[in-house]
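Q: My questions are about this predicted structure, shown below with the sequence.
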Amino acid sequence: MNIDSKNLFDTLILIIGTNPLPNFVISEYFILENPNLKNIIHVYSEQTRTQRGTLHYADNLINLIQRRHENRKLEFKKISLSDISSATEIKGDLDEILTKELNHSSSVHLNYTGGTKVMGIHLYRWIENFAEEKKISASFSYLDARTFRLVYDDGKQISCDLRNKIHLTLDELIYLHGFERTNKDNEEKEIFSCAISKFSQIIEKGKLTDFFRTYKRKYFTDENRSLIKKVNKLTENISKLKSEGNIEIKAEGEFLEVIKAMPEEYRFFNDEGLFIEPKSNHTLKKTIEFIDGKWLEIYVCSVLSKTMPSNEIKLYQNWEIKNRERNS
């Protein structure tokens, strides 16, 4: 389903709320389907003591669109609203700034999916009045959350189900929301490839219960049952358990077989199952997280990748992310 040629427009106006994904979908669709589109205006809320600012979401959206459409000539503008709860303030901001931006537009389209209801209502009314006064074309739409289609405000559908048309990668999705990845692809899979093969053998032989029987989680957790991430803390914990039970702490059975399948610098038991101090906090953290459950993520992903057509569904595994803006 394509846009009717008589409904094409040169200026798209979006309201930027705290969820930038709908606006990405809307922008991408109109860029792909509307050859007349030249200007995209983002209306966002200023950061104040009483309202949350959304400028960073507008910036993320603009940067992502520009990366995806480097060869498309598009002008991006941003307009701030000083008080999104006041009709008077909203009108004043739009009179002062949006009027200038629309002076050269012959047709305007507002999609009011994003932002607050107050922002949507007053921006709709303002554009309606402006278009009537300037004798230019104005149209309005929203993204229907039930059908995933763009719909004119009279109920007429503009698009098909956009889940089948608009796609973005996980990296693009987290960027849009202000995050970035902090680890590399397949890092643990490469480090522990032999250990994963050992887990596969254990599962095929029906001995996974034996692994959990011989995996003593108390060796690697503190008094709060949190995983230990530092070498000195692990050494102290092992010493404490040895003195309390007056026994040698050993790795045995299937658990020891998995340990022996790891790279030497990541082991903290030797081939006889006796405890040895890990090389560093980094290798300790990787090993304990792998043993405590990350191996299952890698194993399941490997099984799924062999049975799932790669061109239909993209599999992502072990993504560690951080807030890009908060840490900048």
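A: Cool, the structure landed.
Q: what packs against the top helix by length along the chain?
A: The longest helix of the chain (DSSP state H) is helix 117-134. Under the contact criterion of 3 or more C-beta pairs under 8 Å, 6 or more residues apart in numbering; DSSP states H and E, helix 117-134 touches strand 11-15, strand 39-45, helix 87-93, strand 107-111, strand 137-143. Glycine gets a C-beta too; all of them are placed from N, C-alpha and C.
Q: can you rerun that using 7 Å?
A: Counting by 3 or more C-beta pairs under 7 Å, 6 or more residues apart in numbering; DSSP states H and E, the packing neighbours recorded for helix 117-134 are strand 11-15, helix 87-93, strand 107-111, strand 137-143.
Q: Dump the ones you listed to a markdown table, plus mean pLDDT and distance to Pro278.
A: Converted to a markdown table, those look like this (pLDDT from 0 to 100; distance: least, C-beta to C-beta, whole Å):
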| stretch | mean pLDDT | distance to Pro278 |
| --- | --- | --- |
| strand 11-15 | 98 | 51 |
| helix 87-93 | 93 | 58 |
| strand 107-111 | 96 | 54 |
| strand 137-143 | 95 | 51 |
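Q: now those in CSV, with mean neighbour count and distance to Asn237?
A: Putting the helices and strands packed on helix 117-134 into CSV (neighbours: other C-beta atoms under 10 Å; distance: least, C-beta to C-beta, whole Å) gives the following:
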stretch, mean neighbour count, distance to Asn237
strand 11-15, 25, 54
helix 87-93, 15, 59
strand 107-111, 23, 57
strand 137-143, 20, 53
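Q: Any chance of the ones you listed in a markdown table with distance to Tyr124 as columns?
A: Below are those laid out as a markdown table (distance: least, C-beta to C-beta, whole Å):
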| stretch | distance to Tyr124 |
| --- | --- |
| strand 11-15 | 10 |
| helix 87-93 | 11 |
| strand 107-111 | 6 |
| strand 137-143 | 6 |
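Q: Relative to Lys78, which of those is closest?
A: Closest approach to Lys78 among the helices and strands packed on helix 117-134 is made by strand 11-15 (10.3 Å; C-beta to C-beta).
Q: on contacts alone, who are the packing partners of the closest one?
A: helix 21-33, strand 39-45, strand 107-111, helix 117-134.
Q: Within the sheet, what are the partner strands of the third one, with directions?
A: It stands for strand 107-111. strand 11-15 (parallel), strand 137-143 (parallel) (DSSP bridges).
Q: TSV please, covering the ones you listed and showing distance to Leu21.
A: Shown next, in TSV, are these (distance: least, C-beta to C-beta, whole Å):
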stretch	distance to Leu21
strand 11-15	12
strand 137-143	10
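Q: list the helices and strands the helix or strand encompassing Ser239 packs on?
A: Assessed by DSSP states H and E, Ser239 sits inside helix 231-245. Applying 3+ C-beta pairs under 7 Å, 6+ apart, we find helix 231-245 packed against helix 281-289.
Q: what about the helix it packs on, distance to the chain center?
A: Taking the mean of its C-alpha atoms, helix 281-289 sits 25 Å from the chain's own mean (C-alpha atoms, centre = their mean, to the nearest Å).
Q: ok, and what's touching the following helix or strand past that helix?
A: Of the helices and strands lying after helix 281-289 in sequence (DSSP H and E), the nearest is helix 295-307. Residues from elsewhere that reach helix 295-307, judged by C-beta atoms under 7 Å, 6 or more residues apart in numbering: Glu188, Lys189, Phe192, Ala195, Ile196, Phe199, Ser200, Leu315, Gln317, Asn318.
Q: From Ile136, how far out is the closest residue to the fifth one other than its chain neighbours?
A: So the one you mean is Ile196. The shortest distance from Ile196 to any non-neighbouring residue, by C-beta to C-beta, 6 or more residues apart in numbering, is to Ile298 (5.6 Å). Note on Ile298: its distance to Ile136, by C-beta to C-beta, to the nearest Å, is 57 Å.
Q: which of those two has more neighbours?
A: Remark: of Ile298 and Ile136, Ile298 carries more neighbours, 20 against 17, as counted by other C-beta atoms under 10 Å.
Q: Tell me, please, where in the chain the pLDDT is lower than the cut-off.
A: Applying pLDDT under 70 to the chain picks out residues 1-6, 309-312, 326-328.
Q: repeat that for 90
A: By pLDDT under 90, the low-scoring segments of the chain are 1-7, 50, 103-104, 153-155, 164, 182-190, 223, 244-248, 301-320, 324-328.
Q: Assign a three-state SS to the one residue sitting closest to the centre of it, would you?
A: Centroid-nearest residue in the chain, with C-alpha atoms, centre = their mean: Ile174, separated by 2.9 Å. Under DSSP: H, G, I helix; E, B strand; the rest coil, Ile174 falls in the helix class.
Q: My guess is it contacts Glu320. True?
A: No. The criterion here is C-beta atoms under 7 Å, and Ile174 misses it with Glu320 at 10.8 Å.
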